[in-house]
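Colleague: need coordinates for the following:
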Amino acid sequence: MRVAVVAMIAAFAGAAAAGAEERPVELRSGPGLDKVEGHCGACHSLDYIQINSPFLNTVGWNAEVTKMIKAFGAPIDATDAKAIVDYLAKNYGS
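Modeller: Alright, predicted model coming up:
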């Protein structure tokens with residue numbers, strides 16, 4: 001039992017160390033990037049933007065930002081939400 005616990009701790013430590021070497025995501029420059037980095041990056045990795053970009057257009061990005069605000073309580077005001085959606089749709093819209 002003790003060996004299994006030690007092995008689990010070692011595996012977790014190795015995974016954490018591997019994550020520490022992750023390179024920061026570099027998003028395209030443009031108006032609203034500061035809002036995306038500040039608001040979106042405060043809660044999750046910005047690589048979600050690049051991963052979802054083939055699937056989302058303006059309507060989809062608006063739905064995602066709205067979900068983050070209403071379902072997850074992201075403290076984003078309406079002005080910043082619009083800037084974020086505009087940025088995402090222009091730079092990462094399908």
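
Colleague: burial count for G60?
Modeller: 17 (other Cβ atoms under 10 Å). Placement of C-beta: from N, CA and C, glycine included.

Colleague: again with K82
Modeller: Using other Cβ under 10 Å: K82 sits among 15 other residues.

Colleague: separation between it and N52?
Modeller: Per Cβ to Cβ, to the nearest Å, K82 is found 19 Å from N52.

Colleague: and if you look at E26?
Modeller: With Cβ to Cβ as the criterion, E26 and N52 are 17 Å apart.

Colleague: just N91 next, same as before
Modeller: With Cβ to Cβ as the criterion, N91 and N52 are 12 Å apart.

Colleague: same deal with R28?
Modeller: 15 Å.

Colleague: neighbour count: these two, which is higher?
Modeller: Neighbour count, other Cβ under 10 Å: between R28 and N52, N52 has more, with 15 against 11.

Colleague: pLDDT wise, what is the more buried one at?
Modeller: pLDDT recorded at N52 is 93.

Colleague: was I right to think it contacts L46?
Modeller: No: between N52 and L46 there is no contact under Cβ atoms under 8 Å: 11.0 Å.
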